[in-house]
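**Student:** Compute the structure for the input listed below.
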Amino acid sequence: MSASSGPEIINDGLVFAYDMGNDKKSWKGKPTTNLAKNTSGNIDWSVGQLNIPISRTTIVSNERYILTTTSLTGSSWRMYFNPANLINGQTYTLSFKYTIISGGPTFYAGDWCDTSVTRTTTDLGNGVFYQTATGTRATYDSTYRFMDFVQSTDTVVEIWDLQLEQSAYASPYVESKTSNDRTNTTAIIDWAGKRTLTVNSLNYNTDNTFNFKSQSANISIPSFNIPREKTLSIWIRSDRPLSGTDNWEIGFLNSGTTQGSMFGFMYGVGNCQDLGYWGYGSAYDMSVEAANNKWSSDGNWHNAVITMDSSRNVRVWIDGEQKQWLKHTDYSTKVDYVTMPIDTTNNFVINSRGPWDSGMTYVDLGNVTVYDRALTNNEIKQNFNALRARFGI
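**Tutor:** Numbers count the residues shown, from 1 in each chain. Below you'll find the model as predicted:
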């Protein structure tokens, strides 16, 4: 993850990751149109020639191809996007995944008009790379539809997820031309499993976080199937304590987006004015040890992590340190873990409920990760240290 200090975050078991501070991985914004596709949603591109013959073999119709060069002088060839109509001065981004089957080592995108292109290539592992190329069309003609690829001679490359956008950065690839499989208002996509989140009444902050400022604000992922063992980590900030019936919740619910059996975090339910509430009825109502200092509404960023092991034992960490649980009935009985009597289902929600003061920004959320296993104490500390500098801790 970018903008971090210290070690990298743990990837083993990562099944959901949303990082508002890194638009190269988590993407937010309105659905994009893939200019490389025609009205039928098919990749519509022709192979041109510059100084080297190139052959194209279809692997998956309109989606995946093999590109083969022969041993002649030169290494650059052209592709022609039939639907594209980029004009002078427009910013574009081409993105794609590829693997070099034989030959190499060169394969990258350029601009036919010899204008500057900013390229980023990410090694996805197992010989697969993801490349983005961003540039601005120069004055050459009324429209431009060509791009160049530079490819080593005698080289076989497999390429897929090809997307051309009128944008300054690449959004995640989708098969449709008009991205109808994303939400039709604002799309938020994680970078672990490429899930699309359902978004309602979301407000963006200038620091690339989002906040809840209305009763209807929520984000959800239905049918998010993970096993009993799991970890939920959030980076969260609030500028005021809750009052009255104000509350929010982040986690896995047994029913829709309303309070019920839950693995995760709640804040402000009833008399609970701290982060870490979870409910199965009064016999199981517990709070995080930090209940009395109201740390989760001090205006600073904090990291909260909750884990469940194979025996349904639930533990919680705040800012890299494991905390005990307190019973709501007396706030004095402390235990290292609590055992949930049943499993939660697979509906993941980030939800606010209750009245909100006009113009008051309450919850900002900067980072959310979910694992399909219970992280260890050392792993939780490693993740905290990897991101703490970004969040000012």
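**Student:** So in this structure, where's the weakest helix or strand by average pLDDT?
**Tutor:** Using mean pLDDT, DSSP states H and E, the weakest-scoring helix or strand in the chain turns out to be strand 286-288, at a mean of 55.
**Student:** ok, which stretches of the stretch 251-393 of the chain are strands?
**Tutor:** 262-267, 286-288, 302-308, 313-318, 321-323, 325-327, 334-335, 338-339, 347-353, 363-371 (DSSP state E, counting those that start in this stretch).
**Student:** Would you reformat those as JSON lines and include distance to residue 389 and mean neighbour count?
**Tutor:** Where you see a C-beta, it was placed from the backbone N, CA and C, and this is true even at glycine. Formatted as JSON lines, these follow (distance: least, Cβ to Cβ, whole Å; neighbours: other Cβ atoms under 10 Å):
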{"stretch": "strand 262-267", "distance to residue 389": "23", "mean neighbour count": "23"}
{"stretch": "strand 286-288", "distance to residue 389": "24", "mean neighbour count": "23"}
{"stretch": "strand 302-308", "distance to residue 389": "12", "mean neighbour count": "23"}
{"stretch": "strand 313-318", "distance to residue 389": "18", "mean neighbour count": "20"}
{"stretch": "strand 321-323", "distance to residue 389": "17", "mean neighbour count": "16"}
{"stretch": "strand 325-327", "distance to residue 389": "29", "mean neighbour count": "20"}
{"stretch": "strand 334-335", "distance to residue 389": "31", "mean neighbour count": "12"}
{"stretch": "strand 338-339", "distance to residue 389": "32", "mean neighbour count": "16"}
{"stretch": "strand 347-353", "distance to residue 389": "24", "mean neighbour count": "23"}
{"stretch": "strand 363-371", "distance to residue 389": "13", "mean neighbour count": "23"}
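**Student:** Confidence-wise, which of these is weakest overall?
**Tutor:** For these, mean pLDDT drops lowest on strand 286-288, to a mean of 55.
**Student:** picking that back up, would you convert the strands of the stretch 251-393 of the chain into CSV that also reports distance to residue 177?
**Tutor:** Below are these laid out as CSV (distance: least, Cβ to Cβ, whole Å):
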stretch, distance to residue 177
strand 262-267, 37
strand 286-288, 47
strand 302-308, 40
strand 313-318, 44
strand 321-323, 49
strand 325-327, 51
strand 334-335, 55
strand 338-339, 49
strand 347-353, 29
strand 363-371, 30
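**Student:** Any figure for the gap between residue 317 and residue 380?
**Tutor:** To residue 380, residue 317 is 5 Å away according to Cβ to Cβ, to the nearest Å.
**Student:** Need the overlap of contacts for those two.
**Tutor:** Counting by Cβ atoms under 8 Å, 6 or more residues apart in numbering, the common neighbours of residue 317 and residue 380 are residue 305.
**Student:** How many residues are close by residue 161?
**Tutor:** Here the number of neighbours of residue 161 (other Cβ atoms under 10 Å) works out to 16.
**Student:** Helix, strand or coil: sort out it for me.
**Tutor:** strand (DSSP: H, G, I helix; E, B strand; the rest coil).
**Student:** Go through the strands of the stretch 251-393 of the chain and name the closest to residue 132.
**Tutor:** strand 363-371 (22.1 Å; Cβ to Cβ).
**Student:** And the closest one, what does it pack against?
**Tutor:** The contact analysis (3 or more Cβ pairs under 8 Å, 6 or more residues apart in numbering; DSSP states H and E) places strand 363-371 against strand 14-19, strand 210-212, strand 230-238, strand 247-253, strand 347-353.
**Student:** will you turn the ones you listed into JSON lines that also has distance to residue 44?
**Tutor:** Output for these, formatted as JSON lines (distance: least, Cβ to Cβ, whole Å):
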{"stretch": "strand 14-19", "distance to residue 44": "32"}
{"stretch": "strand 210-212", "distance to residue 44": "35"}
{"stretch": "strand 230-238", "distance to residue 44": "42"}
{"stretch": "strand 247-253", "distance to residue 44": "42"}
{"stretch": "strand 347-353", "distance to residue 44": "37"}
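**Student:** Between those strands, which one is closest to residue 366.
**Tutor:** strand 230-238 (4.4 Å).
**Student:** Direction included, what does that closest one pair against?
**Tutor:** strand 302-308 (antiparallel), strand 363-371 (antiparallel) (DSSP bridges).
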